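Visitor: please find the sequence and the predicted model below.
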Amino acid sequence: MKFLLCCCHVKKEWFKIIHILFNFSEKEGTIKMASFIKYVVYIIIFAGTFFSLINFVTNEEDTTETTVAPKIKKLQIGIKKRPEVCETKSKKGDVLYMHYKGTLEDGTEFDNSYKRGEPLSFTLGSGQVIRGWDQGLLNEVSIESPYLFYHSRLSECEGEKRKLVIPPELGYGSAGAPPTIPGDAVLVFEVELITIERKSEL
């Protein structure tokens, strides 16, 4: 629709010029000269329409480029479910047993422990998982971290569910984890803490 309006928006002065040229040719008897000038005017009109189309397409491309959503830069932590009674909270050095579902920003699922029927176990804060997990599940995250969404005590209870939105810097970086996770991918995890084991209990 924009293109049609653009093409139809021809200055009225051009048509006035054509009309004057025809009148002039009839009075002066210069039909051939007027016809030549008429074709020149038609070429000018065509050229104007053509360049208007080029500008229209260019502007559309520029608009598309500026509407690209910015990448997530900071870790985002959302509490989806928290038990009313929380007797044991996670801390650094605990062995956590967790179920999770991992997706990309567009919702493409790349991993799911629920489907395997077995939770993931790891030692919290030891670097056994990506940094986004360690920071998102530790009982306290350093305020000096440039990738932290906010600073708070984030102890997690058994039975608690969280949503972690992890920037590439705290995930798999520019390398990604082919073939399921591309480079510079923002990761979205829905996690559930099943069991906490303390070293004294092992």
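Guide: Looks like it arrived, so ask away. Numbers count the residues shown, from 1 in each chain.

Visitor: tell me the SS of the nearest residue to Gly176 once chain neighbours are set aside?
Guide: In space, and not counting its chain neighbours, Gly176 is closest to Gly183: 4.0 Å by CB to CB, 6 or more residues apart in numbering. No exception for glycine: its C-beta is placed from N, CA and C like everyone else's. Three-state assignment for Gly183 (DSSP: H, G, I helix; E, B strand; the rest coil): coil.

Visitor: contacting residues around Gly183?
Guide: With contact taken as CB atoms under 8 Å, 6 or more residues apart in numbering, Gly183 is in contact with 168, 172-176.

Visitor: next one: phi and psi at Leu170?
Guide: Listed backbone geometry of Leu170 is phi -110, psi 10, with angles given as degrees, to the nearest 10.

Visitor: which residues touch it?
Guide: By CB under 8 Å, 6+ apart, the neighbours of Leu170 are 75, 130-132, 135, 147.

Visitor: max pairwise distance over those residues: which two?
Guide: Ile130 and Tyr147 (11.7 Å; CB to CB).

Visitor: residue ranges with poor pLDDT in the protein?
Guide: 1-42, 46, 48-71, 139-154, 200-202 (pLDDT under 70).

Visitor: tell me where it has helices.
Guide: Taking DSSP state H as the criterion, the chain carries its helices at 2-8, 12-28, 31-66, 113-116, 131-137.

Visitor: how close does Ile194 sit to Gly171?
Guide: Between Ile194 and Gly171 the distance, using CB to CB, to the nearest Å, works out to 23 Å.

Visitor: more crowded one of the two?
Guide: Gly171 (22 against 16; other CB atoms under 10 Å).

Visitor: which ones are touching the more buried one?
Guide: With CB under 8 Å, 6+ apart, Gly171 has these contacts: 130-132, 181, 185-187.

Visitor: quick check: chain neighbours aside, which residue is closest to it?
Guide: Leu187 (4.7 Å).

Visitor: count the neighbours of the one you found for me.
Guide: 24.

Visitor: tell me how far Ile72 lies from Ser113.
Guide: Distance, Ile72 to Ser113, using CB to CB: 23 Å.
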